[in-house]
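K.L.:
Output the structure for:
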Amino acid sequence: MSETTTNTTEAAVAETGAKGATKRAAGSKKASPKKEAPTAKKAVKKQAAKEHAAKKQPAAKATRTKEAKPKGQREGSKSAAVLELLRRPKGATLAELMAATQWQAHSVRGFLSGAVGKKMGLKLESVREESGERRYRIL
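P.N.:
Predicted coordinates for the structure are as follows:
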């Protein structure tokens, strides 16, 4: 093939838009126009929103008379059983807590650390006995 036939073949391919065409299409994406700055100050807008909301709401709402549920554990729950064992003067061993809850050892330790120690904010004492077993109790 000569040089002239190669150039005409490339031109024909470029015109039809086949794969590997050498000519690229012009970009059609343009930058979005710049947004205008807000005209009113934020404090003024907030005040207007508060006034508008105050107009919509009725003057007085009827309050519900619900008894507040006391925070703590439900009776008969596993958490309540664990806390009961931990409040004993001697406390409870890990084996006793596992038997009472049917939890695995890592679950009991996680409950003691997360729920009892952090969420409930109770002081937990951990003592290793002479037999090597660890005993937990709430102070």
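K.L.:
Tell me which stretches of the protein form helices.
P.N.:
Taking DSSP state H as the test, the helices found in the chain are 3-16, 42-56, 78-86, 94-101, 105-111.
K.L.:
Worst mean pLDDT among those helices?
P.N.:
When the helices of the chain are compared on mean pLDDT, helix 3-16 scores lowest, with a mean of 58.
K.L.:
Now for L85, how many residues are close by?
P.N.:
Number of residues near L85 (other Cβ atoms under 10 Å) recorded here: 20. All C-beta spots, glycine's among them, are computed from the backbone N, C-alpha and C.
K.L.:
how close does it sit to V116?
P.N.:
From L85 across to V116, the span is 11 Å (Cβ to Cβ, to the nearest Å).
K.L.:
What of K45?
P.N.:
Counting by Cβ to Cβ, the gap from K45 to V116 is 48 Å.
K.L.:
Between these two, which has more neighbouring residues?
P.N.:
Set side by side, K45 and V116 show more neighbours around V116, with 19 against 12, by other Cβ under 10 Å.
K.L.:
Please name the nearest non-neighbouring residue to K123.
P.N.:
Of all residues not flanking K123 in the chain, L139 sits nearest, at 4.2 Å (Cβ to Cβ, 6 or more residues apart in numbering).
K.L.:
Can you get me a residue count around the one you found?
P.N.:
The tally of other residues near L139 (other Cβ under 10 Å) stands at 8.
K.L.:
OK, contacts around it?
P.N.:
Shown in contact with L139 (Cβ atoms under 8 Å, 6 or more residues apart in numbering): 122-125.
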